[in-house]
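J.: sequence unknown, structure follows:
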């Protein structure tokens, strides 16, 4: 398989130049190792070498010897190596010495030095549409955050193509696989997650059928505000599972540590109305293909249930916006207030500029989305904060163009960093 360049490579380059060690973390199989191999001059694979235990007990510093940057793959398999790397960075007093990859965050009770001043961290996702070649990238998030949008023309996509790409997901190994094989492989990913990974990262045996039920509940409620109490009720109603809330919280923590589950926080702007702002986060799985796999959906099922597919599409777009936002020193939020006004996604640079996005699978809801964005802008208190640099509607089946009211309609097949 030919390696495809990743947007995150520039961030890795920058952080290798700034720190002695860089930790690249992300869900299993998202491409961490292959990307880090583009930088590494030597490699230590902690999950493949049977002699590692002996070296850790007798001469751990020997494991750090090699041309730099030295890649230490799946560092969490030997958690003590973190501190050995830290000390080695102190002694060498040089930048770009080590690359560490990990597909799980350590337990809170693992006493690791913070690595402040020595380590920088890079969060990695599965691949975006631009990275896989599905998007031309002609409409860049960078331009949307600065209010400069070029006129583009990209062909519209069919629902069939969108459904197939959602089923395959952003996994590097599945780019050239068939839809059928991809669904089988993603189902196996879920099986291993439920039967092995959650128990491993928790340090105690977990019940696979309960993990699977929770994943189904999360997938049914993807891209929505869903509280732990709601999950508890949903599990009882739809899964016939009485799972204590404390157990749900433990399982959610394990999924977050495996970087399978992530939260989209709430945006907190200054507004004119007396509405209160919702502070809860939306929850997403790390790749929409996992939600499709755990719900046992195929292309026909996605095309028959466009309401659910619309939420899954929103999760897909949010995933891609996260990748493009990271490349622009920005973060992805959502907005909802007590008057019922919602905006699917707000992307804000750390410097303050932001852009608002509504996400619609098809073109039938574009006017409604535009009205929503107009209400959002009207409610911003401009005495205390600036207006968004751009208002945007991201679609699946529509083409990219600019409306007379100045709102950009953007096909996901046009969007890039």
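T.: Received it, and whenever you're ready, just let me know what you need. No experiment lies behind these values; they were computed from the predicted model shown.
J.: top helix in this structure by residue count?
T.: Identified as the longest helix of the chain according to DSSP state H is helix 306-326.
J.: Show me what counts as buried in that helix.
T.: Neighbour-count burial for helix 306-326 flags 308-326 (criterion: 16 or more other C-beta atoms under 10 Å). Heads up, the C-betas are built off the backbone N, CA and C, glycines and all.
J.: Who are the contact partners of residue 40?
T.: 69, 70, 71, 99 (C-beta atoms under 8 Å, 6 or more residues apart in numbering).
J.: What about residue 34, how many residues nearby?
T.: 14 (other C-beta atoms under 10 Å).
J.: would you say it is within a strand?
T.: No. Read with DSSP: H, G, I helix; E, B strand; the rest coil, residue 34 is helix and lies in no strand.
J.: can you tell me which of the contacts of residue 40 are in strands?
T.: Under the assignment DSSP state E, those contribute 70, 71, 99 to strands.
J.: Most neighbours out of these, which is it?
T.: residue 99 (29 neighbours).
J.: Any figure for the gap between that residue and residue 138?
T.: With the distance defined as C-beta to C-beta, to the nearest Å, residue 99 ends up 33 Å from residue 138.
J.: and if you look at residue 255?
T.: 35 Å.
J.: Which residue is most remote from the mean position of this structure?
T.: residue 58 (38.9 Å; C-alpha atoms, centre = their mean).
J.: on that earlier part again, so between residue 255 and residue 138, which is more surrounded?
T.: residue 255 (24 against 19).
J.: Contact partners for that one?
T.: 198, 214, 215, 261.
J.: can I assume it sits in a helix?
T.: Yes. Residue 255 forms part of a helix when assessed by three-state DSSP.
J.: roughly how far is stretch 287-296 from the heart of the chain?
T.: 14 Å (C-alpha atoms, centre = their mean, to the nearest Å).
J.: any idea how far the nearest residue to residue 127 once chain neighbours are set aside lies from residue 24?
T.: Of all residues not flanking residue 127 in the chain, residue 170 sits nearest, at 3.9 Å (C-beta to C-beta, 6 or more residues apart in numbering). Separation of residue 170 from residue 24 (C-beta to C-beta): 16 Å.
J.: returning to that earlier point: give me every residue that touches the residue nearest to residue 127.
T.: Per C-beta under 8 Å, 6+ apart, neighbours of residue 170: 30, 125, 126, 127, 128, 131, 132, 287, 289, 319.
J.: where's the third one, which helix or strand?
T.: When elements are defined using DSSP states H and E, residue 126 is found to belong to no helix and no strand.
J.: Touching, it and residue 35? I think so.
T.: No. In this structure, residue 126 is not within contact of residue 35 by C-beta atoms under 8 Å, at 11.9 Å.
J.: Tally up the residues packed near residue 130, please.
T.: Residue 130 has 23 nearby residues by other C-beta under 10 Å.
J.: can you pull the contacts of it?
T.: 7, 136, 137, 320, 324, 415, 416, 417.
J.: Would you reformat those residues as JSON lines and include pLDDT?
T.: Conversion of the contacts of residue 130 to JSON lines gives the following (pLDDT from 0 to 100):
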{"residue": "7", "pLDDT": "98"}
{"residue": "136", "pLDDT": "92"}
{"residue": "137", "pLDDT": "93"}
{"residue": "320", "pLDDT": "98"}
{"residue": "324", "pLDDT": "98"}
{"residue": "415", "pLDDT": "96"}
{"residue": "416", "pLDDT": "96"}
{"residue": "417", "pLDDT": "96"}
